[in-house]
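Student: Fold the following and give me the result.
(2 chains)
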2 protein chains.
Amino acid sequence: LSGTKYGCGIGGCGACTVMISTYDPVAKHRPANSCLLPICSLHGAAVTTVEGVGSIKTRIHPIQERLAKCHGSQCGFCTPGMVMSIYALLRNHAEPSMEQIISALDGTFQTVNCKKYNEINLAIRFFILTSVKITKSLSFPPQRMAQEQLRTLIFHGKRTTWISPTSLNELLELKAKYPKAPLVVGNTSVELKKTHHDAYHPIILHPVRIPEMYVVSSTDDGLVIGAACCLAQLRDILMEAVPKLPEEKTKIYQALLQHLRTLAGEQIRSMASLGGHIVSRGSNWDLNPVLSVGKSVLNLASEDGKRQVLLNDQFLAGCEHADIKPKEVIVSVLIPYSMKDDFISAFRQAESQKNALSIVNSGMRVLFSPGTDIIADLSILYGGIGSTTLSARKSCEKLIGRQWNDQMLSEACKLVLEEIFLPSSAPGGRVEYRRTLLVSFLFRFYLEVLHGLHQMYPFRYAELSQEKMSALVMLPSGVPQGVQIYQDVDSGQSPQDPVGRPIMHQSGIKHATGEAVYIDDIRPVDGELSLAVVTSIRAHAKIISIDASEALRVPGVVDVVTARDVPGENGKDEQAYAEEKVICVGQIICAVVAESVTQAKCGAEKVKIVYEDLEPILTIEDAIKHKSYITEERKIEKGDIEKGFESADEIIEGELHVGGQEHFYLETNSVLVIPRVEDKEMDVYVSTQHATDVQELVASALNLQSNKIMCHVKRVGGAFGGKITKPSLFAVIAAVAANKTGRPVRFVLERNMDMLITGGRHPFFGKYKVSERRSYFAYAYRLMVHGGTQWLKVQMETSHKWCSSRVRAGANTV
Amino acid sequence: LSGTKYGCGIGGCGACTVMISTYDPVAKHRPANSCLLPICSLHGAAVTTVEGVGSIKTRIHPIQERLAKCHGSQCGFCTPGMVMSIYALLRNHAEPSMEQIISALDGTFQTVNCKKYNEINLAIRFFILTSVKITKSLSFPPQRMAQEQLRTLIFHGKRTTWISPTSLNELLELKAKYPKAPLVVGNTSVELKKTHHDAYHPIILHPVRIPEMYVVSSTDDGLVIGAACCLAQLRDILMEAVPKLPEEKTKIYQALLQHLRTLAGEQIRSMASLGGHIVSRGSNWDLNPVLSVGKSVLNLASEDGKRQVLLNDQFLAGCEHADIKPKEVIVSVLIPYSMKDDFISAFRQAESQKNALSIVNSGMRVLFSPGTDIIADLSILYGGIGSTTLSARKSCEKLIGRQWNDQMLSEACKLVLEEIFLPSSAPGGRVEYRRTLLVSFLFRFYLEVLHGLHQMYPFRYAELSQEKMSALVMLPSGVPQGVQIYQDVDSGQSPQDPVGRPIMHQSGIKHATGEAVYIDDIRPVDGELSLAVVTSIRAHAKIISIDASEALRVPGVVDVVTARDVPGENGKDEQAYAEEKVICVGQIICAVVAESVTQAKCGAEKVKIVYEDLEPILTIEDAIKHKSYITEERKIEKGDIEKGFESADEIIEGELHVGGQEHFYLETNSVLVIPRVEDKEMDVYVSTQHATDVQELVASALNLQSNKIMCHVKRVGGAFGGKITKPSLFAVIAAVAANKTGRPVRFVLERNMDMLITGGRHPFFGKYKVSERRSYFAYAYRLMVHGGTQWLKVQMETSHKWCSSRVRAGANTV
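Tutor: Numbering: from 1, shown residues only, chains lettered A, B, ... in the order given. So this is what the prediction gives:
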């Protein structure tokens, strides 16, 4: 089934969305990122892929038809995921609210690059307006409806055993027996921590059949939520609870809801559990600071009994005395009601409003002595700054007893910046920005509280000025707006003439049904090998040695391919396989071909490269300084430069910096190379914008005439200019391996490798100088643009966080 | 490895020739038809395929280069087999004699159809003249050189156990334990008897390591030859023995040699054993009548001891008292010396002089009372007449005492025709012809003996007349002659202009190396299914029912496809899948697709068709009588027919019959159909002369636009007109199956199915009538040609023997 796409592999893009249906005791349908779903977790569940929604072969579903006919697809790669998100929504809510619609699609709008963004929005609006309804009820497989017999499920894998116990007692016994075994519910964080092929858990506990862990109850102190409840459930519970409770009790719930609306996508929210979110304690995990300032309590259980611990800063920092014990599990969480004099706020700043990890997040709470603005208690926690959530505990303590005024704010900012120290070399970079966020959030909290005080005691506390109020305005988060404008074709135009008419994408239906075939959807070819590359971890270095001996011993590994195996030209402007030295991080040094992707990746990890470091040039400015040019400096000059500037009445000059950018096509670079038996002919199936270049580079790499290389491009799953030059090199990498082994080779980059190797759009640096004279007859100007790596030799060593905190160092070569 | 081709599957065509090398105690190289080689028989042997001789990837061997450059390939399908035959010859004989060269190539000239016949001959002559020599000695794998340890080899298959004992005693024990187990040496006859997938031997004994069975000794009575000696060895032994013995002793040996030069090809002669030849007792087995008239003796052994039986007509007829017992094996054969007054002759008549089963063969011997022409003993045996070798024993007895003269001949002919009765309905047909051969052989023997008597006693017996001597002239069997004539291109013709120049076939080298890819050489495609068809066994019948239930239960069978599964047009001029009725034997009724060829064939055997017979029209004459026309009668008329014939001075009229003929392309009909995922597109790889027709028929069968069907034809392994219309139907058969299952389908016909289904060139029947007038101004003629099935509805039910006595009924449909 080709409809479920690999886009990022880390639950970020939604291209792999499927619907998971369980019957417990009524049918429940959840969208999920299939890339994160362990197969064992699907026991007893029905999985609906886009093929199950509709296909050309069977019947197209109205969702698919509308999306196609309203021009809702461009490259079409993410379209099946969008269909699945909409489908899962409509299965659960026949008449969804606009908020539900927006939420449902959160996880499929990663592709901000996509030029059809507006059109997709419009298509969805159109689709909603014309009220597609799923009238036919899903025929839930009867065998799935039968209540699962209450016996322990155990799956024995080669390395991992997966155990799903039936009761809390059994779980506690297991946890006592296997204290290191993680509890996995949605697998949205455990999976991401597996950075290495070799990292794995021998035992995984899957506590989804334990009623205690799904409890939802309201006590005198607050709401108790089972630890296995997913974040979407938490949101729905809170949304239902808030209107029913006195407003003063709900301040923490509202703060949580504010995050729950933007945190991740609906797919992740539907799978990630509350307990998992808390216990993973990711520094970017948005809810923890809020739960913590709200003095939430974890209900723990172990063989030895039950106990409660505070979800406080010490717990989040992993202090041993405040932490849960290896034998313990979090059964549920008590989220207390807020009090009258409580003010609780939540903040997050991310690269996009939705479906992006926060750069910095925060939970803040102040409790005033009743009826005053004297601080009785204060908590400020920040995420995204250190490796764990940090508390400005000392600062807060010092501020107790102070009035909530500008002096306090000024003092607070100073204290917080001192306490929450962010060294300039802090991992993740953007230190200045993050420092700014620390106090920005604090300032905003200050204003929010002031505004709150005024609203509570309008006569005691002054109203905020207009200017200050403007800081409290939320960013608009309404319905995405879009418009489609079609050319008004001449009434005389022949009906057969399509020019100017809004015609559906030729593959529109296939996009929506997932039947459109991209490179990695091509059936496996007999004898096909998978390829994984070994890339440079140095910006500039001599390659002293490549030791493939251990890699070749990995079962399934067939060969290791290096520059020495290229019979002809090893690339054109840049080397396909690095020869004597590497000139950027991420440069391909060699390739491992194996019977499976896993084996190839495992082999690649085992290749040992010895480098001898050379001095790198890391910035454009450095390159100019060292005259590290590839071509002549490029400039545009007009007029008589010397004379013009000499006689100028005015000279305007300056510099222009433009940063680099990921192209972020959703389909990663993909090549399938099939050597023909005769005449060394080769078929190259590749996702490229420049098929001729692929043909020429592969032919020249193999020392063949171009006509021996057949380059096939049916469609491309996004490119945006990013698939003009690089795919040819990837094709060379695969073709040389295929030529050496005589077997077909498939080379589909994983997202992190794609971003690491391709480097994206270059940063630019330009200088301009314009002379002006009163008389407009004489003028001169000079524009010089230094492309980051276009005309300069630069070794780049940038690294920034992307989604799952995977480190990425992107750089283009010469 | 694609170089070893399937041509016939029964050791007939030589396209699959490989070289088997054993080391015992010196290296021995034998050409062999790999289609008949059981894998178990290769234990301890090295197998060299054409890829081992040379390839473009490695180095081309001089044999391959010369064959290509001397234009020795046309379609190229049999070329690798020819290379292997030559290679094996040169491995054994660095400077072969012309006779050895001719013998070596016997088994590769099945393709009399091939228009390049002469050129191939020339290429070989050229090749010999330029004395290619194998100078580099084959590096015989050292582990193969080690004397095989003397332990019993046992291979346990799923159904069959293969046992190779180390001593005669062990063999006899095994034969006592498994009396039904056949002894297999070269597998050239046991294999061919397996007509059904279900026919198999639970135990096979492989007596190739028993020295007694390879004995060669000369005794006072004659030569003793081990039963496991192959026919090529027998030939070489006899050729060596004859010059060393007094001529009168060698008459039987010379008669045997006459057959051994033409019987089968060198590949079969190198593998088939003498004992196997004798004990199989095929009616067409040429040596048996000769051995029998020469009073050969079989040395038998069993657990109970040794004994001798006469290889006489009763043994050959399988009479129990004269036969070997189940526990016994033939250890060796005593072939006695002939005597002075002995005359022994051997006869065979086959469709071609070499490498064809004899239609009728015979061994004849007369012994005269010393110094006279009075018959003292007479033996006449015929093969090819009945199911076993037949003896004219009674006739011979009656003629004892008679003089060798015309009266005796006349009487003998009468007696033999009475005794060797061949009913007009005898299996194999051609009864009149075969009857004629009985007396022709006798007549020739009569003359040979007369001539011999004259030579022995020139004064007592008259010389034969010139006319009679002419009957004794042997057919020329010298070196094939050929000539290549090239156009003399104009001296001014540009060297770049190839027209008129003798340019090597573009694929010549690839033909010779086996690297040329034909349909069945295309790599398996992922998920590929094999297809086998169920064909009609009736000439004309209604199909009452098709019961596929049992077929569908065969493991690996995926589906059974019938006319009901054709979404569009089921063929054009003839149905692809028979619908309501069948109109000839061999018409395709349904197809079974399975994971493997074996499973598909097994499934096809299990499909049950119920027929209701209809009256068939079996001949062209019948069809004319019943006005069973498809189109208008075709005729060519010129002039004023009525007036012309009325006023004719003379009218010439008559009929013309032309028989049908097999096209006998060496590559059987082959199709590989790969459905693409999108838009129901399909790639059709097919061996056809008419790609457009394939495209159109497949598209119309699947109800698709033609542009959805990609028909690929790289090359065709022979066609001769036989691949114009039929391949389209085979493509439809496969495409409908692929469309139904959604999986790639490979449909490669076995030789017998190809001949059964395709029907070959039609027989023709024409009438002509021409009027003539003295005045040449007025004339008229009419020609009418009735193609067997071209313009007439005819159901044909011909069956004739082909090579291995597989029954074949060829007929074209409407």
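Student: tell me, how many neighbours does residue A:532 end up with?
Tutor: Residue A:532: 26 surrounding residues under other CB atoms under 10 Å in any protein chain shown. Just so you know, the C-beta spots here come from the backbone N, C-alpha and C atoms, and that holds for glycine as well.
Student: Phi, psi for it please.
Tutor: phi -130, psi 140 (degrees, to the nearest 10).
Student: Relative to residue A:199, how far out is it?
Tutor: 17 Å (CB to CB, to the nearest Å).
Student: Can you name the next helix or strand after the longest strand anywhere in chain A?
Tutor: Ranked by residue count, the top strand of chain A under DSSP state E comes out as strand A:358-368. Downstream of strand A:358-368, the first helix or strand assigned by DSSP states H and E is strand A:375-383.
Student: tell me the angle of that next one relative to strand A:358-368?
Tutor: For strand A:375-383 against strand A:358-368, the angle by axes from the mean of the first three to the mean of the last three CA atoms, to 10 degrees is 170 degrees.
Student: Alpha carbons of strand A:375-383, as PDB, please.
Tutor: Written as PDB, here are the backbone C-alpha positions of strand A:375-383 (Å, rounded to 0.1, in the frame of the first residue of the first chain):
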ATOM      1  CA  ILE A 375       3.100  38.200  46.600                       C
ATOM      2  CA  ALA A 376       2.400  35.300  48.900                       C
ATOM      3  CA  ASP A 377       3.800  32.600  46.600                       C
ATOM      4  CA  LEU A 378       5.500  32.700  43.300                       C
ATOM      5  CA  SER A 379       6.600  30.000  40.900                       C
ATOM      6  CA  ILE A 380       8.400  30.500  37.600                       C
ATOM      7  CA  LEU A 381       9.500  27.500  35.500                       C
ATOM      8  CA  TYR A 382      11.100  27.500  32.100                       C
ATOM      9  CA  GLY A 383      11.500  24.800  29.500                       C
END
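Student: which ones are touching the nearest residue to residue A:242 once chain neighbours are set aside?
Tutor: Leaving aside its chain neighbours, residue A:242 sits nearest to residue A:250 (4.8 Å; criterion: CB to CB, 6 or more residues apart in numbering or on different chains). Residue A:250 is in contact with A:241, A:242, A:337, A:338, counting by CB atoms under 8 Å, 6 or more residues apart in numbering or on different chains.
Student: pLDDT wise, what is residue A:250 at?
Tutor: Note for residue A:250: predicted pLDDT of 96.
Student: Then residue A:655?
Tutor: pLDDT at residue A:655 comes out at 86.
Student: got it, and residue A:390?
Tutor: Looking at residue A:390, the pLDDT reads 94.
Student: my read: it touches residue A:381, true?
Tutor: Yes - with contact defined as CB atoms under 8 Å, residue A:390 counts as touching residue A:381 (6.8 Å).
Student: what touches both of those two?
Tutor: What both residue A:390 and residue A:381 touch, as defined by CB under 8 Å, 6+ apart, is the set residue A:313.
Student: What are the boundaries of the helices in the stretch 601-750 of chain A?
Tutor: A:620-625, A:641-646, A:691-701, A:726-741 (DSSP state H, counting those that start in this stretch).
Student: list the buried ones in the top helix by length along chain A?
Tutor: Secondary structure of chain A per DSSP state H: the longest helix is helix A:431-456. Neighbour-count burial for helix A:431-456, counted by 16 or more other CB atoms under 10 Å in any protein chain shown, picks out A:434-435, A:437-442, A:444-453.
Student: what's the answer for stretch A:565-581, then?
Tutor: A:565, A:566, A:569, A:570, A:571, A:572, A:574, A:575, A:576, A:577, A:578, A:581.
Student: pLDDT averaged over it - what is it?
Tutor: On average, stretch A:565-581 scores 95.
Student: Then stretch A:362-381?
Tutor: Here the average pLDDT along stretch A:362-381 is 95.
Student: List the buried residues in stretch A:363-378.
Tutor: In stretch A:363-378, the ones that count as buried by 16+ other CB under 10 Å are A:363, A:364, A:365, A:366, A:367, A:368, A:373, A:375, A:377, A:378.
Student: and the third one, what is it in contact with?
Tutor: If I follow you right, that is residue A:365. Here residue A:365 is in contact with A:252, A:293, A:294, A:342, A:343, A:344, A:345, A:377, A:378, A:379 (CB under 8 Å, 6+ apart).
Student: Please apply the same query to the first one.
Tutor: Shown here is residue A:363, whose contacts under the criterion CB under 8 Å, 6+ apart are A:255, A:288-294, A:344-347, A:379-381.
Student: tell me the most buried of the helices of the stretch 601-750 of chain A?
Tutor: Greatest average neighbour count among the helices of the stretch 601-750 of chain A goes to helix A:726-741 (a mean of 27), per mean count of other CB atoms under 10 Å in any protein chain shown.
Student: okay, it in CSV with CA atoms only?
Tutor: C-alpha atoms of helix A:726-741 as CSV (Å, rounded to 0.1, in the frame of the first residue of the first chain):
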residue,chain,number,x,y,z
LYS,A,726,21.6,17.2,-5.4
PRO,A,727,19.5,14.4,-6.8
SER,A,728,22.2,13.8,-9.6
LEU,A,729,24.8,13.2,-6.9
PHE,A,730,22.5,10.8,-5.1
ALA,A,731,21.9,9.0,-8.4
VAL,A,732,25.6,8.7,-8.9
ILE,A,733,26.0,7.3,-5.4
ALA,A,734,23.4,4.6,-6.1
ALA,A,735,24.5,4.0,-9.7
VAL,A,736,28.1,3.4,-8.7
ALA,A,737,27.0,0.9,-6.1
ALA,A,738,24.7,-0.8,-8.6
ASN,A,739,27.5,-0.9,-11.1
LYS,A,740,29.8,-2.5,-8.6
THR,A,741,27.4,-5.1,-7.2
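Student: pLDDT (mean, whole number) over it?
Tutor: Looking at helix A:726-741 alone, the average pLDDT works out to 97.
Student: Report whether it contacts chain B.
Tutor: No - Helix A:726-741 lies out of reach of chain B by CB under 8 Å from any CB of the partner chain, never closer than 10.9 Å.
Student: Any idea how far that helix is from the middle of the chain?
Tutor: Computed by CA atoms, centre = their mean, to the nearest Å, the chain-centroid distance of helix A:726-741 equals 29 Å.
Student: If you count contacts, what does it end up packed against?
Tutor: Applying 3 or more CB pairs under 8 Å, 6 or more residues apart in numbering or on different chains; DSSP states H and E, we find helix A:726-741 packed against strand A:529-535, strand A:557-561, strand A:588-594, strand A:670-675, strand A:682-686, helix A:691-701, strand A:745-748.
Student: Partner strands of the second one and their direction?
Tutor: I take that to be strand A:557-561. Counting by DSSP bridges, the strands paired with strand A:557-561 are strand A:588-594 (antiparallel).
Student: just the angle between the partner strand and helix A:726-741, please?
Tutor: Using the same axes, to 10 degrees: strand A:588-594 against helix A:726-741 is 50 degrees.
Student: can you list the weak-confidence ranges in chain A?
Tutor: Within chain A, the stretches with pLDDT under 70 are A:24-25, A:107-149, A:191-198, A:476-484, A:774-814.
Student: mind giving me the domain split of it?
Tutor: Per automatic domain parsing, the structural domains of chain A span A:17-143, A:211-470, A:520-615+A:666-758, A:620-662+A:761-807.
Student: what's the span of the longest one, first residue to last?
Tutor: End-to-end distance of domain A:211-470 (CA to CA, to the nearest Å): 47 Å.
Student: now stretch A:623-638
Tutor: Using CA to CA, the end-to-end distance of stretch A:623-638 comes out at 26 Å.
Student: Can you point out the buried residues in it?
Tutor: So, applying 16+ other CB under 10 Å, buried residues of stretch A:623-638: A:623, A:624, A:628.
Student: residues in contact with residue A:543?
Tutor: A:578, A:579, A:580, A:581, A:582, A:589, A:609, A:610, A:611.
Student: and which of those is nearest to chain B?
Tutor: Closest approach to chain B among those (CB to the nearest CB): residue A:579, at 26.0 Å.
Student: any idea which element the closest one lies in?
Tutor: Using DSSP H and E, no helix or strand contains residue A:579.
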